[in-house]
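**Student:** I'll drop the sequence and a predicted model, then ask my questions.
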Amino acid sequence: MTNIQRGFAELFGTFWLVFGGCGAAVLAAGVPSVGIGYAGVALAFGLTVLTMAYTIGHISGCHLNPAVTIGLWAGGRFPAKDIPLYVIAQVIGAIAAAAVLYLIASGNADYSLATNGLAADGFGAHSPQGYSMLSGLVSETVLTFFFLLVIMGSTDSRTPAGFAPIAIGLSLTLIHLISIPVTNTSVNPARSTGPALIQGGWALQQLWLFWVAPIAGGVIGGLVYKTLGADATRRPDITGDPL
């Protein structure tokens with residue numbers, strides 16, 4: 001695949017992740033009596049990754065996440081020279097999705113960006129359940145670490161072929177079930193950046209944590225699995241072009 005094809009695949013895939021996951025949170029989670037709640041939002045995020053993994057996994061590897069891209073590099077599964085292409089495409093896709101989501105949400109007369117937000121990630125006063133900055137930092141680091149372990153393990157050449165998207169999608173669902181109350185769940189700097197740029201204010205001020213913690217967790221996860229699976233190779237249809 002050409003770099004243009006891979007870049008657009010990451011852009012469209014990340015758009016789908018942010019639009020689907022954050023869209024579920026903004027448009028469906030809080031509907032009186034029929035809202036989908038935290039569990040529904042968690043499932044929505046998992047489904048976006050699962051569906052995109054089968055759709056663009058053979059094109060770009062379906063990273064959809066700067067922490068995944070950098071974590072795969074740390075684990076020896078992705079070339080450093082391609083990191084900027086992927087990260088830029090992912091962030092653009094996330095911003096575009098947040099902008100489209102805001103356009104839809106603002107069509108409701110009762111919607112207010114200041115009041116209802118755009119599913120931005122936060123801590124302290126902006127945590128859904130009031131968790132501290134330290135709680136958010138630990139949560140995002142640990143959960144991204146395990147996300148990378150699942151990604152690298154399920155795409156190991158020694159695992160059954162074709163099932164990696166299911167494991168990855170379900171792991172992202174589980175991650176959201178755990179941490180939506182803590183930070184609204186990031187484990188993905190692009191996912192955090194799109195809504196934060198549209199929402200502004202506190203969301204932008206707290207955005208640093210949702211770059212630092214997921215990338216740190218992703219790098220540690222990549223390095224740990226590189227040690228655990230030292231003899232493994234990977235399937236290029238899932239994680240991108242081989243080194």
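**Tutor:** Okay, I see it.
**Student:** distance from the helix or strand where Thr48 lies to the middle of the chain?
**Tutor:** Counting by DSSP states H and E, the secondary-structure element that holds Thr48 is helix 37-56. Centroid separation between helix 37-56 and its chain, computed with Cα atoms, centre = their mean, to the nearest Å, is 10 Å.
**Student:** and the helix or strand following it, what other elements does it pack with?
**Tutor:** The element immediately downstream of helix 37-56 (helix or strand, assigned by DSSP H and E) is helix 66-74. Helix 66-74 is packed against helix 83-105, helix 133-154, helix 189-199, helix 209-228, with contacts defined by 3 or more Cβ pairs under 8 Å, 6 or more residues apart in numbering; DSSP states H and E. C-beta here means a position set from N, CA and C on the backbone, and glycine is covered the same way.
**Student:** go through the ones you listed and pick out the most buried.
**Tutor:** helix 189-199 (a mean of 27; mean count of other Cβ atoms under 10 Å).
**Student:** name the residues that touch that helix?
**Tutor:** Residues outside helix 189-199 that contact it (Cβ atoms under 8 Å, 6 or more residues apart in numbering) are 14, 17-18, 21-22, 64-67, 87, 90-91, 93-99, 101-102, 113, 117-121, 186, 203-204, 206-207, 210-211, 214-215.
**Student:** thinking again about what came up before, CSV please, covering the helices and strands packed on helix 66-74 and showing mean pLDDT.
**Tutor:** Rendered in CSV, the data for the helices and strands packed on helix 66-74 read as follows (pLDDT from 0 to 100):
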stretch, mean pLDDT
helix 83-105, 97
helix 133-154, 97
helix 189-199, 97
helix 209-228, 96
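**Student:** reformat those helices as JSON lines; add distance to Leu72.
**Tutor:** Rendered in JSON lines, the data for the helices and strands packed on helix 66-74 read as follows (distance: least, Cβ to Cβ, whole Å):
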{"stretch": "helix 83-105", "distance to Leu72": "9"}
{"stretch": "helix 133-154", "distance to Leu72": "7"}
{"stretch": "helix 189-199", "distance to Leu72": "15"}
{"stretch": "helix 209-228", "distance to Leu72": "6"}
